[in-house]
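1. Next one to model:
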Amino acid sequence: MEQRIIQLLARKLSGEATPEELNELDQLLTGAPEGIYYAELITQLWDEEKIPGVTRTITDTDISYLRHLARHRPQFRQPAVPDEAPPAYDLPPFPAPRRRIPQMAWLLFFAVLTAGMLYFVLPRYPIPTRATDTNVEQYADLGSRRSLLLPDGTHVWLNAGSRIHYDSDMLQKDARIITLSGEAFFDVARDKDRPFIIHTSKIAIRVLGTAFNVKAYPLDRITETTLMGGSIELTINSKPYQKIILKPKEKFALIDETRDSLRTQPSRPATANCSNPEKLVVQDVVPVEVEDKEYVKEVAWIDDNFVFQNETLEELAPKMERWFNVHIHVDNARVSNLHYSGIFHKETIDQALTALQLIRPFNFKITDNHVFIH
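-> As a prediction, this is how the structure comes out:
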């Protein structure tokens, strides 16, 4: 409505308004008393344009001033200018072109229209900010582990150097979708209407409600899923047509065979494809006995237990780097192939390496967060 008032005022002052438009203007001004301010301001600016011998354009300063007066007109009434006041502009006269008034009417219309849009539109419709984004990221720093509760009631444990993304409005969606990088244990709240789906760089997992572990660090050659109860459906990203169903106490492993081979437990193949560098295996979860206690090493980390069985120092190094937040450098081939079994709980990196020395001897040096083994 304000824009229409401005348009009609400009046509009236230029002498181009029809009787119907004049009648419409009167009705709008009657229904919108604040329009009188614009009528006064436009008339004032129009009179300035008609100063004899002076041609003046509307500047950004004029627009800002008009907007300021429109907001604070009752508080800032200008005193009347005495008859003997000097001319407003002391400029040398020059002839004004003929038919100037219609041209200035349109110029005035667009200038004041811009000011009106700035005043009436922008304050009422602010630009959206990232505060409206419902995507949430949760992470665990290197050397630490943490637990958290998702909006649907699912309990998640994050291992060191891991992060997940999810929608805080997941209960308003058809599916509860999680993106994982690293390792996490999920105790999924059951919801038959909204499947719980986890995406990693190599696999996707779909469940309705159960407990399982997913290990999918970007730099690891093995992506693992260990099921503790219920059932889950896995899909390989490179083979979306193929689905694998895990039973309780089974572990699925996707092995990147383009990297060095690692020792694996006896397993049953899930698929066989010699042309694909990825090897898929499903194997039973076998508890590990350490110091007369049994641990499921795939999920023992939830209780701050780092369990390892018959692993070389080369295999242990990246896991220890994440667990202790250090960089390990092994420059001795013999030492890197030494095998170890054991458990770390609350040890420091120095205590852990000293314990490994007692099993298979080697030398090490710690400088800041760098470990040098030789």
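
2. Tell me where the stretch 151-300 of the chain has helices.
-> Taking DSSP state H, counting those that start in this stretch to define them, one finds no helices in the stretch 151-300 of the chain.

3. what about the strands in it?
-> Using DSSP state E, counting those that start in this stretch, the strands of the stretch 151-300 of the chain run over 155-158, 162-167, 176-187, 196-199, 203-207, 211-216, 222-229, 232-236, 239-246, 250-256, 268-269, 278-284, 288-290, 293-295.

4. Highest mean neighbour count out of those?
-> Of all the strands of the stretch 151-300 of the chain, strand 211-216 carries the top mean neighbour count, a mean of 23, counting by mean count of other C-beta atoms under 10 Å. In short, each C-beta sits where N, CA and C put it, glycine included.

5. Which other helices and strands does that one contact?
-> Applying 3 or more C-beta pairs under 8 Å, 6 or more residues apart in numbering; DSSP states H and E, we find strand 211-216 packed against strand 176-187, strand 203-207, strand 222-229.

6. name the helices or strands packed onto the last one?
-> Pointing back at strand 222-229 there. Packing partners of strand 222-229 (3+ C-beta pairs under 8 Å, 6+ apart): strand 203-207, strand 211-216, strand 250-256.

7. List the contacts of the last one.
-> Taking C-beta atoms under 8 Å, 6 or more residues apart in numbering as the criterion, the residues outside strand 250-256 that touch it are 202-203, 221-227, 234, 236, 244, 246, 262, 264, 267, 270, 277-285, 298.

8. do the shortest one as well
-> Contact with strand 203-207 is made by 188, 195-198, 212, 214, 216, 223, 225, 230-237, 254, as judged by C-beta under 8 Å, 6+ apart.

9. List the neighbouring strands of it plus their orientation.
-> If you go by DSSP bridges, strand 203-207 pairs up with strand 196-199 (antiparallel), strand 232-236 (antiparallel).

10. Just want the angle from the last one to strand 278-284.
-> The one in question is strand 232-236. 160 degrees (axes from the mean of the first three to the mean of the last three C-alpha atoms, to 10 degrees).

11. pLDDT (mean, whole number) over stretch 299-311?
-> Averaged across stretch 299-311, the pLDDT comes to 94.

12. what's it in contact with?
-> Under C-beta under 8 Å, 6+ apart, the answer for stretch 299-311 is 145, 157, 159, 183, 185, 213, 226, 228, 263, 288, 290, 295, 297, 316, 319-320, 323, 339-346.

13. Go through it and flag the buried ones.
-> By 16 or more other C-beta atoms under 10 Å, the buried positions in stretch 299-311 come out as Val299, Ala300, Trp301, Asn305, Phe306, Val307, Phe308, Gln309, Glu311.

14. tell me how far the ends of it are from each other?
-> This stretch, stretch 299-311, spans 17 Å end to end (C-alpha to C-alpha, to the nearest Å).
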